[in-house]
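Novice: sequence and predicted model, in that order:
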Amino acid sequence: MMRSFPALGHLAAMLPAAQANECEDAADQAMMSACAQQTYAASEAEMNRLYREIELRLSDNAVAKKLLLDAEQAWKSYRDAECAFSSSAIAGGSAYSMVQTLCLADLTQKRVEDLQQYLACPEEDLGCAVPARSTASADAACASVDTDLTDAREHEYRALIVDSLSADQEDSERLGLGDVEVYSFLASGGWSAVYGAVPTADNAVFFFEDVDGAQQFRDVWAGWADPSERNTLIEWARNLGAPESLATCSAHYVVDAPEADQPYAFTIDLTFTDQALTTLNSREEEVVVSASYYADPAPGSEELADDVGRINLGREELQVAAEPEIVEIAGNQLDLDALQWIEGDILVEISVYSARLSSPDNLISCDTIQGRLSDVSETPPINLQCGMIEEDLGIEVRP
């Protein structure tokens, strides 16, 4: 018996209003199939967003993060197999694609509801696998800190950040006030900090010291911070000279505040064969994860392309221990100015190789990623396995 599904109009409620109205009135097969695909894409995007939020809450629990990844991969395998089976009776028919896609959308929406329940666990629920987002520690840490972000302060610190980052630049290269976003203000003991973003440093905390009535820029913590980095951020701010209250408050605020969008960030699941783990650790060798961004040139920008006809958008490299882990690529090394010269999707290429601490030669052979950035950033971590070169495992190109 074929699996039954909710009406297309019911699932279409997940779409923006204009698209939902069109799908509720869909009458021909082509339109219904298109609406089914849009509905599935919307539920898939929401599921991935919730997955990343859960992953963030588990950032200081490597075991739970691995169990989450295993569960998500097993669930997706079940979903795809179930929908392939349940729609098999009409394989080859005109409605086959729509029926299979509606199955995917239906099961994905149920997974969305499951993930939402994890994120809704109250703090006192000790049986919940996902810890609640706690703001109590941040409130306590900031109790003695001035956090009143007035319009006057926002304007003042926009100008201070522009001056701090553009002091040695020509007028044509300077940031404008409109390039600076200020999300929060903190002040204590003659020091202040603002949490904001500029094109060259998304999610940054800018620290200033009051010297004879003038705010002097001291340093910036660029990039986001997860719970495992809280103490590191506090110690870093202390070393600047910031008072304890501001150091602690700024760290808690960055970790506990909702994150700004990180459209170019993604994670990969790095694993090793037993032989690779044994060999690399015995040699005290580490590995490098390299992410290169590129795209096709827009018309008129072909002269800016490299030898193979691509616009290079930047590279980000991380050196990590040779052990299984979820590696987070922040995406903050992408050249935003170069986006004006491209056409089409941003592409990404991920390669992994030994850090050459124990040998001048690369020792490992690893899977790679080549494809659209959106296909990587909007999914759970993609697994890349590494083995010793002599194992001759073969390389898989993902996704």
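Specialist: Yep, it's here.

Novice: pLDDT below threshold where in the stretch 151-300 of the chain?
Specialist: The model of the stretch 151-300 of the chain has pLDDT under 70 over residues 169, 172, 199-203, 223-228, 253, 255-263.

Novice: and for the helix or strand encompassing L69, what's in contact with it?
Specialist: Taking DSSP states H and E as the definition, one finds L69 inside helix 62-86. With CB atoms under 8 Å, 6 or more residues apart in numbering as the test, helix 62-86 has contacts from 2-3, 51, 54-55, 58-59, 100, 103-104, 107-108, 111, 129, 269, 324-326, 380-381. The C-beta positions use only the backbone N, C-alpha and C, and glycine is treated the same way.

Novice: just the buried members of these?
Specialist: Those of the contacts of helix 62-86 that meet the buried threshold are 51, 54-55, 58-59, 100, 103-104, 107-108, 111, 269, 325-326, 380-381, by 16 or more other CB atoms under 10 Å.

Novice: just those residues: which has the poorest pLDDT?
Specialist: For the buried ones among the contacts of helix 62-86, the model is least confident at S59; its pLDDT is 66.

Novice: leaving out chain neighbours, which residue sits closest to the residue nearest the centre of the chain?
Specialist: Centrality entry for the chain: nearest residue to the mean C-alpha point is A265, 3.7 Å, by CA atoms, centre = their mean. Nearest non-adjacent residue to A265, counting by CB to CB, 6 or more residues apart in numbering: G331, 4.1 Å away.

Novice: on that earlier part again, just the ones of the contacts of helix 62-86 in strands?
Specialist: 269, 325-326 (DSSP state E).

Novice: so which of those residues is the closest to N239?
Specialist: E325 (27.6 Å; CB to CB).

Novice: so the closest one touches T267, yeah?
Specialist: No. Under the criterion of CB atoms under 8 Å, E325 is not in contact with T267, lying 10.0 Å apart.

Novice: list just the nearest of the ones in strands among the contacts of helix 62-86 to L357.
Specialist: Here the nearest of these to L357, counting by CB to CB, is E325; it sits at 17.7 Å.

Novice: okay, the closest one and E46: tell me how far apart.
Specialist: Distance, E325 to E46, by CB to CB, to the nearest Å: 27 Å.

Novice: ok, now L384?
Specialist: 26 Å.

Novice: looking at those two, which is more packed in?
Specialist: Set L384 next to E46 and count neighbours by other CB atoms under 10 Å: L384 wins out with 22 against 17.

Novice: burial measure for the residue nearest to A265, as a count.
Specialist: So G331, with other CB under 10 Å, has 21 neighbours.

Novice: that's a helix at it, yeah?
Specialist: No. Checked against DSSP: H, G, I helix; E, B strand; the rest coil, G331 lies outside a helix; its state is coil.

Novice: next one: phi and psi at it?
Specialist: Phi and psi for G331, reported as degrees, to the nearest 10, are phi 80, psi 10.

Novice: isn't it up against F266?
Specialist: Yes. G331 is within contact range of F266, at 7.0 Å (criterion: CB under 8 Å).

Novice: please identify every residue contacting each of the two.
Specialist: By CB under 8 Å, 6+ apart, the residues touching both G331 and F266 are S377.
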